[in-house]
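A structural model of the following input is requested.
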Amino acid sequence: MLPSTEPARIAVRAEREYDVLVGYGLLAEVPELLGPGVQRAAVLHPPTMIKTAEQVAHQLIAAGLEPVRVDVPDGEAAKSVAVAERCWSILGNAGFTRSDAVVGLGGGATTDLAGFVAATWLRGVRLIMVPTTLLGMVDAAVGGKTGINTAEGKNLVGCFYEPVGVICDLAALATLPAPDLIAGLAEVIKCGFIADPEILTMIESDPAAAVRHDALMLRELVVRAVSVKARVVTADFRESTSTGSSVGRELLNYGHTIGHAIERREHFGWRHGDAISVGMVYAAELARLAGRLDHETAVRHRAVLSGVGLPTTYPADAFDDLLHTMALDKKARGSTLRFVILNGLASAEILAAPEEDLLRAAYVAVAR
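Residues are numbered from 1 along each chain as shown. Below is the predicted model:
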């Protein structure tokens, strides 16, 4: 039975003020969050979300709006120039104006695409995110980053564009496959290591509850993770305050430098959270070998992540490929590789231009 609780409202106050709602049965909030003046709303969704898209369309019709459903491919296949172009064509044929809106309904890939389409159509129309995966709720749909992939890497084309609201309807997690729910926990655990250690304590106390869609713990974990991201994004929306070893929004990239390289090496066949899980174990070992992080906290990474079923290893012979890909990552500056590392629990810094010998030595921690 789903827990009966009032929805949480988490404020994001960056360049545009908006709220993230977390709770159950929240689809009726979509028209209200869109605000006045909207006549049409394009609902971008993957094939797996047809029924939910129909529910959103009914809510829009009841509010006097015209819904336009736009089917997009599932997963990372949605994040391409070709799919974005098809979305633009649909908006154009439907007569969308600057006062109309886009609703991104689905996982993180769908909301990334929806944000990019909304930001680029007529230089920006209203946008609402309705993430339906745990990963989408705690990461992709909050924070204003939009993007599509190219052959050269993930999210290399994109922009910063904030929604007018985000709806995290936890009821959607009831149908989420267990591996996807577990993968989403990687970003939750990341928030525990970088900012809110209570997340780690909660998960360690009952790992099984953390992977149950109907557990009160999961609701609390989502609220805490979204709150971490909201605070970071509010303070540094455009990743402009990281200088030297200080960390602004780059804090959210913890585990992502090598994680994104793993995703590309796997042709995006790995779940994002699985790749970031390995990436965090690697970053912790890199920090330990660099003399920044204590042994206990480095070991805790592997224990917490593996405790909920996340991977912590990757093939031993992959490092050269990963190193080449990391050099192309958007988190690098010029030819300088940059890693977000911890120098303690909930305390981070930037490690810039580490020696290749150090990078290779740290890889031993994840090599299998």
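
double-check that Gly104 belongs to a strand.
Yes - assessed by DSSP: H, G, I helix; E, B strand; the rest coil, Gly104 belongs to a strand.

use 321 as the first number from now on
Yes, from this point I'll number from 321; that puts the last item at Gly424.

what is the burial count for the closest residue in space to it that isn't next to it in sequence?
In space, not counting the residues next to it along the chain, Gly424 is nearest to Ala434; the distance is 2.7 Å by Cβ to Cβ, 6 or more residues apart in numbering. (C-beta placed from N, C-alpha, C; glycine too.) A total of 31 residues lie near Ala434 under the criterion other Cβ atoms under 10 Å.

next one: Gln375
Neighbourhood size, Gln375 [other Cβ under 10 Å]: 15.

now do His378 against Val363, distance only.
11 Å (Cβ to Cβ, to the nearest Å).

okay, those two: which has more neighbours?
Val363 (26 against 13).

ramachandran coordinates for the more buried one?
Dihedral pair for Val363: phi -100, psi 100, per degrees, to the nearest 10.

check Glu605 too.
Dihedral angles for Glu605 - degrees, to the nearest 10 - are phi -70, psi -40.

so it touches Arg680, yeah?
No - using Cβ atoms under 8 Å, Glu605 is not in contact with Arg680, being 11.3 Å away.

the more surrounded of those two?
Glu605 (22 against 13).

list the contacts of the nearest residue to that one once chain neighbours are set aside.
Leaving aside its sequence neighbours, Glu605 sits nearest to Ala685 (Cβ to Cβ, 6+ apart; 3.7 Å). Ala685 makes contacts with Val601, Tyr602, Ala604, Glu605, as judged by Cβ atoms under 8 Å, 6 or more residues apart in numbering.

quick check: nearest residue in space to Met646, chain neighbours excluded?
Per Cβ to Cβ, 6+ apart, closest to Met646 is Ala581, 4.9 Å.

measure the one you found to Gln359 for me?
44 Å.

okay, those two: which has more neighbours?
For Ala581 versus Gln359, neighbours defined as other Cβ under 10 Å are more numerous around Ala581 (26 against 13).

mind listing the helices for the stretch 521-670 of the chain?
Ranges of helices within the stretch 521-670 of the chain are 527-530, 536-555, 576-585, 592-609, 615-627, 639-648, based on DSSP state H, counting those that start in this stretch.

for Gly395, which of the ones you listed is the nearest?
Smallest distance to Gly395 across the helices of the stretch 521-670 of the chain (Cβ to Cβ): 9.8 Å, for helix 592-609.

mind giving me the packing neighbours of the closest one?
Here helix 592-609 touches helix 498-514, helix 576-585, helix 615-627, strand 658-664, helix 676-683, going by 3 or more Cβ pairs under 8 Å, 6 or more residues apart in numbering; DSSP states H and E.

before we move on, the earlier item: which of the contacts of Ala685 sits closest to Arg585?
Nearest to Arg585 among the contacts of Ala685, with distances taken as Cβ to Cβ, is Tyr602, at 13.7 Å.

tell me how many other residues crowd the closest one.
Tyr602: 27 neighbours (other Cβ under 10 Å).

now do it against Ile578, distance only.
On the measure of Cβ to Cβ, Tyr602 and Ile578 end up 5 Å apart.

which residues are contacting stretch 664-680?
Contacts of stretch 664-680 (Cβ under 8 Å, 6+ apart): 513-517, 562, 564-567, 570-571, 574, 606-607, 609-610, 612-614, 617, 639, 643, 653, 656-663.

next, the buried residues of that stretch.
Leu665, Ala668, Glu669, Ile670, Leu671, Pro674, Leu679 (16 or more other Cβ atoms under 10 Å).

same thing with stretch 367-375?
Along stretch 367-375, these residues count as buried under the neighbour rule (16+ other Cβ under 10 Å): Thr368, Met369, Thr372, Ala373.

would you confirm that the last one contacts Arg389?
It stands for Ala373. Yes - counting by Cβ under 8 Å, Ala373 touches Arg389, with 5.6 Å between them.

any shared contact partners between the two?
Joint contacts of Ala373 and Arg389 (Cβ under 8 Å, 6+ apart) are Val363, His365.

redo the buried residues of stretch 664-680 as TSV? Include distance to Lys465.
Formatted as TSV, the buried residues of stretch 664-680 follow (distance: Cβ to Cβ, whole Å):
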residue	distance to Lys465
Leu665	26
Ala668	19
Glu669	22
Ile670	19
Leu671	22
Pro674	25
Leu679	26
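
quick one: Leu346 and Arg569, what's the gap?
Distance from Leu346 to Arg569, by Cβ to Cβ: 27 Å.

quick one: which of these two has more around it?
Arg569 (22 against 18).

helices and strands of this protein: which one has the lowest mean pLDDT?
Lowest mean confidence among the helices and strands of the chain (mean pLDDT, DSSP states H and E): strand 473-480, at a mean of 88.

quick one: contacts of that strand?
So strand 473-480 is in contact with 335, 396, 399, 401, 432, 436, 439-440, 464-470, 557-558, 580, 583-584, 588, 645, 648-650, going by Cβ under 8 Å, 6+ apart.

buried subset of those?
Buried, going by 16+ other Cβ under 10 Å: 396, 399, 432, 436, 439-440, 464-469, 557, 580, 583-584, 588, 645, 649-650, out of these.

quickly run through the sheet partners of the least confident helix or strand of the chain, with directions.
Using DSSP bridges, strand 473-480 pairs in its sheet with strand 465-470 (antiparallel).
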